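Q: Dropping the sequence and predicted coords here.
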Amino acid sequence: MDFTTDFLIIFSIILLVSSLVHGTIGFGFPMIATPLLAMVTDVKTAILYIAIPTLLINIISIYSEGNFIQAVKRFYPIAILAMIGSAIGTQILIFSSSDFFKLLLAFSIFLYLFIQKFRIEMKWIREKKRLSMVVFGLIAGIIGGLTNVMASILIIYSLESKHTKKEIIQSTNLCFLFGKVIQIVLFTIHGSFTEELIITSFSSLIIVFIAMFIGLKIKDKIPQESYKKVIKIVLFMIACFLTYQTII
């Protein structure tokens, strides 16, 4: 079994698990898939491989919650801000090649876990809605462009804005979707997509669709907290490994 075959097997397993989790809880695909792939390659290559599958997952997630058009109309302002931020972050990623991004990715995961653990309150987000939307939209986009992980920033904004579970899923996935579109455009302009990478990405959509379908089916049948606890443990271990891998 050569390296290419080994990588394809690892890639398929990562996509299967990440898509299943995303379908079950409404987010998590890039947060899980990116660091796992970054363990066997660099962050930029990991982002390239899951760029196209992420588009499909975002669309399915938004649509599955219902009122797709209404969700787009309501959350497109912050999604556009995330797109602008993603363009900035992606440009930096394209012209840089550093393990620092693995450390930044690990930090993003630690930040997310920290927020979930201590439930930090930031009342100014509700008091200054427009300012907070601009700040969090741009920052989430830049971090997303650099590391493919917007969730840690967007979840702070959503929780402090008192969004419902449905609103959190639709707003975060719409931001991911807009950010990913501009990221793919920029990567394409700069010739980052190889023929092999494109073929692999499109072929993986079958795995992603099946896993998402299964995840959506079991979403209301298995306690969400059980999934969240396992995910947090796994993410913590991944972030620790990425930090160790970068520093050592």
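A: In hand now; what should we look at? Everything numeric here is computed off the predicted structure, so don't read it as measured data. Residues are numbered from 1 along each chain as shown.
Q: Nearest residue to Asn58 in space, please, no chain neighbours.
A: Leaving out its chain neighbours, the residue that sits closest to Asn58 by C-beta to C-beta, 6 or more residues apart in numbering is Leu177, at 3.9 Å. Just so you know, the C-beta spots here come from the backbone N, C-alpha and C atoms, and that holds for glycine as well.
Q: tell me how far the helix or strand where the one you found lies is from the chain's mean position?
A: Leu177 belongs to helix 165-189 when assigned by DSSP states H and E. The chain centre lies 9 Å from the centre of helix 165-189; the measure is C-alpha atoms, centre = their mean, to the nearest Å.
Q: Tell me where this protein is predicted with low confidence.
A: For the chain, applying pLDDT under 70 flags the ranges 1-3, 97-99, 119-121, 220, 222-228, 230-231, 245, 248.
Q: need the longest helix for it.
A: Across the chain, the longest stretch assigned as helix under DSSP state H is helix 68-94.
Q: Can you identify the element that follows that one toward the C-terminus?
A: Per DSSP H and E, the helix or strand that comes after helix 68-94 is helix 100-118.
Q: Give me the next element, helix or strand, following that next one.
A: Using DSSP H and E, the helix or strand that follows helix 100-118 in sequence is helix 124-127.
Q: Quick one: list the elements packing against that next one.
A: helix 129-147, helix 151-160 (3 or more C-beta pairs under 8 Å, 6 or more residues apart in numbering; DSSP states H and E).
Q: residues of the longest one that come out buried?
A: Same thing as helix 129-147. 132-133, 135-147 (16 or more other C-beta atoms under 10 Å).
Q: between these, which is nearest Gln91?
A: Closest approach to Gln91 among the buried residues of helix 129-147 (C-beta to C-beta): Gly145, at 7.6 Å.
Q: contacting residues for Pro77?
A: Neighbouring residues of Pro77 by C-beta atoms under 8 Å, 6 or more residues apart in numbering: Met133, Gly137.
Q: Swap in 6 Å and give it another go.
A: Applying C-beta atoms under 6 Å, 6 or more residues apart in numbering to Pro77 gives no contacts.
Q: Following the chain onward from the helix holding Leu177, which element is next?
A: helix 195-203.
Q: Can you get me a residue count around Thr200?
A: Neighbours of Thr200 under the rule other C-beta atoms under 10 Å: 18.
Q: Oops, could you answer that again for Lys73 instead?
A: Using other C-beta under 10 Å, Lys73 has 10 other residues around it.
Q: Three-state assignment for the nearest residue to Ala38 once chain neighbours are set aside, please.
A: Distances taken as C-beta to C-beta, 6+ apart place Ala46 nearest to Ala38, at 4.6 Å, with adjacent residues excluded. Secondary structure, DSSP: H, G, I helix; E, B strand; the rest coil: Ala46 is helix.
Q: Tell me which residues touch Ala46, please.
A: Going by C-beta under 6 Å, 6+ apart, Ala46 touches Thr34, Leu37, Ala38.
Q: May I see the PyMOL selection of the buried members of those?
A: To isolate in PyMOL the members of the contacts of Ala46 that are buried, counting by 16+ other C-beta under 10 Å, one can use:
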select buried, resi 34+37+38
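Q: could you measure Glu196 against Ile92, distance?
A: 25 Å (C-beta to C-beta, to the nearest Å).
Q: same question but for Met237, I mixed them up
A: 28 Å.
Q: List the contacts of the residue most central in space within the chain.
A: Central residue check for the chain by C-alpha atoms, centre = their mean: the C-alpha nearest the mean position is that of Pro30, 3.2 Å away. Shown in contact with Pro30 (C-beta under 6 Å, 6+ apart): Thr54, Asn148, Val149.
Q: wait, isn't the last one in contact with Ile32?
A: No. Val149 sits out of contact with Ile32 when judged by C-beta atoms under 6 Å, with a separation of 9.6 Å.
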